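In: Let me see the structure of the following:
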Amino acid sequence: MNNAMRSPDISIDDLLSDLTEPQREAVTHAEGPLLLLAGAGSGKTRAITRRAAYLAAVVTQPWHVLAITFTNKAAQEMKERIASLGAGPDVTACTFHSLCARLLRIHHDDAELPTNFTIIDQGDRRELIKKALTQAELSPTQFKPAAIDAVIGRAKNAMLTPEELADESPSFFERSAAKVYGIYERLLTENGSVDFDDLLLKTARLLATNEELRAKLGDCYRFVLVDEYQDTNTAQYRIARLLTRDHENFMATGDPDQSIYSWRGADIRNILSFEQDYPRAKVVRLEQNYRSTKRILSAASEVIACNVGRKDKTLWTEKEEGPPVRVVTCEDAKGEAAFIVDEIAAEIRDGRNPSDFAVFYRIGALSRTLEEALVRGGVSYRIARGTAFYARKEVKDVLAYLRVMINPMDSVALARIINMPPRGIGKTTVGKLQTLADRLGCSLYEALAHRAECGFTKRTAGQLDRFVELLAQLKPLMDGAAQHALERTLTLSGMNAHLGEMVETNAEPLRNVEELVSAAVDYDATEPEGTLTEWLAYTSLLGDDDIMGGESGAVTLSTLHAAKGLEFPCVYMVGLERGLLPMVRRDDDTDAEEEERRLFFVGMTRAMGRLTLTHAVWRMLHGQTLRATRSEFLDELPVNEVEWIRLNKGAGTSRGSTPAGRLPDDIELWQVGTVVRHENYGIGRVLSLDSGMGQVRVQVQFKDGGVRSIVLNFCRLTRVDFDEFDDFE
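Out: Numbers count the residues shown, from 1 in each chain. Below is the predicted model:
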């Protein structure tokens, strides 16, 4: 490579002067593979962006640098940071999906895709899967579309064809899913569409089979930087490997301790095996944390050290020691929520901003009690990763018009707009057209040309004629700018008038569509040479990870998965109980337990100054209140960094009241399976525990075979330490 300065706008001193030694080592690494192990809050984004700018200035031309991350929001931030360093616009910073969409659009013939293929979203994918289930003659009650969708997603992430999935599937359900998968793929082809997984899968296959193209792209992107490498799936792994096969100028950045997405295909082995894949790899560790206090880091590090599948590193910080990590035992979910909201409300009254606070949970169902308490306490809140803007019905309706304009073969989009706004073309009419399309072996759009064969009434035929005329009017707009095409579509289709009529009862849909127009205006301004097709592809790639803004003045509620990448001065983690966190279905599933521990670690390291971990003695899930056992992860915390707090001893209401009668002193040890003794019935085993109205009720199976329901507050039932129950089981 030519080491001459490439960009006069970049000051090398400015690039390097404020970096730590490990950051500087990573930034100035010239050629060859580099593994940057970046601990939580260690400034990895700074290292990646500075390295991209350094490469563009010193090592190569800017257009030879490709930086890849996982969300459009992160990619845009990366692009802006690199540009601000003086590297100009020629460094490519994007997501895997947007890179693949661009490559497939250019090389669609090689990928055996139509010129104007469309990218369907999750909702439309689910509709096609339902259709595939019907064609496979499988019951949607026995074979849930969501479950089939998950199997197909895992197969695509692992780059398995329907035939390969069938061969590998031991169960009848998975073999049935493989059958649906095959039909679903055919429906995608008929629609001239791909889904998100296809963008990766088809690109990986294209690079693997087209050596000329692979070599050309490898020469174009001579330095590849991938962020969050621990989150890559099989297809993303292969894309990165194929792009860097010739030069191996590959920088993988990530942290195995923050690999928490195996359920969507991420494979932690990709980062753990980097040094085997690239024997010449240089390894740099970023261990200085700029986010959390010493005590938070110490506690988090102690827990994650229990994992085996990881790379050793020692997080440290120059920040203050900070208060101890608190573990708070609450009576039930209401008490847990009341404790948290009371604390937050008191601090807000003292001048703290609500946006300083976040509450994390393992499953979304745990947010309900928190939301109710926040409303009662008059504390504003937001839920991270709410309904994504581009997933809202009216937005999808409008975008469906643009999809049909670009790709008339997209039957899913066509079916969405044929009677939107309502124009008298009902489900029966659409059903007849679809039957005709199936008989003729064509798309729904092509069936419209043969609609006379359906024998529609004069009125219905007239409505279909007008709809076909509308499509013809819209077609020329596909060559124009996004804003113009969108505004004309809203007018010609009648969507503007339809949404305007709804304003008095619900103005939000119209406001959302107006915001969509604003998005098109922004796109035209930033991409003056961009086309409607490119804007539509851009919108289809935006997910809820990109939608969440930095709204101030509100407490954030978030699942632990959605919290990754965020940080807050004060963090509460709720529901730290066995069965919730860790949520492991089999005791021998070590991989699952280690991922749950990583999830716990991610939540802990979002906290900057104060971390509070809560668990309940009683938890209602699925309509049943049962005795809960605190998470074993809490027992892995270092004793000297933790303050243990017990609220409202005794089961009952959450605000300090105690149940009538007396509970056993060892009530915290009672759970399903506990062996007990009754003064009249003898030895038995607890089948369930339930609390409410200040009382605890247990169901016990006794040695005589009888099952009795007993209010524990008023009965002399005692726990025994030996199992006299086994001799009659």
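
In: from here on, contacts and neighbour counts on C-alpha atoms
Out: Will do.

In: how about G579, phi and psi?
Out: phi 100, psi -20 (degrees, to the nearest 10).

In: just A299 next, same as before
Out: According to degrees, to the nearest 10, A299 has phi -70, psi -50.

In: cool, K319 as well?
Out: phi -70, psi 170.

In: Any idea how many residues pack against it?
Out: 15 (other CA atoms under 10 Å).

In: who's in contact with it?
Out: By CA atoms under 8 Å, 6 or more residues apart in numbering, the contact list for K319 reads 290, 292-294.

In: swap the cut-off to 6 Å and go again
Out: T293 (CA atoms under 6 Å, 6 or more residues apart in numbering).

In: That one and L576, how far apart?
Out: In this view, K319 and L576 are 27 Å apart by CA to CA, to the nearest Å.

In: Would you mark the buried spots in stretch 202-209?
Out: Across stretch 202-209, burial judged by 16 or more other CA atoms under 10 Å covers 202-204, 206-207.

In: And the helices in the stretch 51-200 of the chain?
Out: 72-82, 96-106, 122-135, 145-157, 162-168, 172-191, 196-209 (DSSP state H, counting those that start in this stretch).

In: Other residues contacting the fourth one?
Out: Taking contacts as CA under 6 Å, 6+ apart, the residues outside helix 145-157 that touch it are 177, 234, 265.

In: Out of these, who's the most crowded?
Out: A177 (28 neighbours).

In: that older thread, redo the helices of the stretch 51-200 of the chain as JSON lines? Include distance to C220.
Out: Formatted as JSON lines, the helices of the stretch 51-200 of the chain follow (distance: least, CA to CA, whole Å):
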{"stretch": "helix 72-82", "distance to C220": "18"}
{"stretch": "helix 96-106", "distance to C220": "13"}
{"stretch": "helix 122-135", "distance to C220": "32"}
{"stretch": "helix 145-157", "distance to C220": "26"}
{"stretch": "helix 162-168", "distance to C220": "33"}
{"stretch": "helix 172-191", "distance to C220": "30"}
{"stretch": "helix 196-209", "distance to C220": "14"}
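
In: how about the nearest residue to L471, chain neighbours excluded?
Out: M405 (7.1 Å; CA to CA, 6 or more residues apart in numbering).

In: my bad, should have said E596
Out: P582 (5.3 Å).

In: helix/strand/coil for that neighbour?
Out: What DSSP: H, G, I helix; E, B strand; the rest coil gives for P582 is coil.

In: what number of residues lie near it?
Out: Count around P582 with other CA under 10 Å applied: 21.

In: Wasn't C570 part of a helix?
Out: No. Assessed with three-state DSSP, C570 is strand; it does not lie in a helix.

In: Just give me the neighbour total for it.
Out: With neighbours defined by other CA under 10 Å, the count for C570 comes to 19.

In: Now do the same for it: its pLDDT.
Out: We have a pLDDT of 98 for C570.

In: what about stretch 80-95, how long is it end to end?
Out: End to end - CA to CA - stretch 80-95 spans 14 Å.

In: Report the buried residues of stretch 581-592.
Out: For stretch 581-592, by 16+ other CA under 10 Å, it's 581-584, 592.

In: related to what we said a few turns ago, check the gap between the residue nearest to E596 and H64 for me.
Out: 44 Å.

In: picking up where we left off before, tabulate the helices of the stretch 51-200 of the chain (a markdown table), appending distance to L374 and mean pLDDT.
Out: Shown next, in a markdown table, are the helices of the stretch 51-200 of the chain (distance: least, CA to CA, whole Å; pLDDT from 0 to 100):
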| stretch | distance to L374 | mean pLDDT |
| --- | --- | --- |
| helix 72-82 | 29 | 88 |
| helix 96-106 | 38 | 94 |
| helix 122-135 | 31 | 90 |
| helix 145-157 | 32 | 90 |
| helix 162-168 | 47 | 92 |
| helix 172-191 | 42 | 93 |
| helix 196-209 | 37 | 96 |
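
In: To L516, which of these lies closest?
Out: Each of those has some distance to L516 by CA to CA; the shortest is helix 72-82, at 17.0 Å.

In: Now do that closest one and helix 96-106, the angle between them.
Out: Computed by axes from the mean of the first three to the mean of the last three CA atoms, to 10 degrees, the angle separating helix 72-82 from helix 96-106 equals 90 degrees.

In: List of residues touching helix 72-82?
Out: With CA under 6 Å, 6+ apart, helix 72-82 has contacts from 49, 53, 69, 93-94, 546.

In: repeat for stretch 409-419
Out: 191-192, 400, 425, 443-444.

In: same thing with stretch 204-213?
Out: 214, 235, 239.

In: go again using 10 Å as the cut-off
Out: Contacting residues not belonging to stretch 204-213 are listed as 100, 103-104, 107-108, 110-112, 159, 198, 200, 202-203, 214-215, 217-219, 234-243 [CA atoms under 10 Å, 6 or more residues apart in numbering].

In: How far away from the center of its chain is that stretch?
Out: In terms of CA atoms, centre = their mean, to the nearest Å, the centre of stretch 204-213 is found 29 Å from the chain centre.

In: Grab the CA positions of that stretch and hand them over as PDB.
Out: Extracted in PDB, the C-alpha atoms of stretch 204-213 (Å, rounded to 0.1, in the frame of the first residue of the first chain):
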ATOM      1  CA  ALA A 204     -23.300 -14.800   0.800                       C
ATOM      2  CA  ARG A 205     -24.200 -17.400  -1.900                       C
ATOM      3  CA  LEU A 206     -23.400 -14.900  -4.700                       C
ATOM      4  CA  LEU A 207     -20.000 -14.200  -3.300                       C
ATOM      5  CA  ALA A 208     -19.300 -17.900  -2.800                       C
ATOM      6  CA  THR A 209     -20.300 -18.900  -6.400                       C
ATOM      7  CA  ASN A 210     -19.200 -15.800  -8.400                       C
ATOM      8  CA  GLU A 211     -15.400 -15.700  -8.000                       C
ATOM      9  CA  GLU A 212     -15.000 -12.800 -10.400                       C
ATOM     10  CA  LEU A 213     -17.500 -10.600  -8.500                       C
END
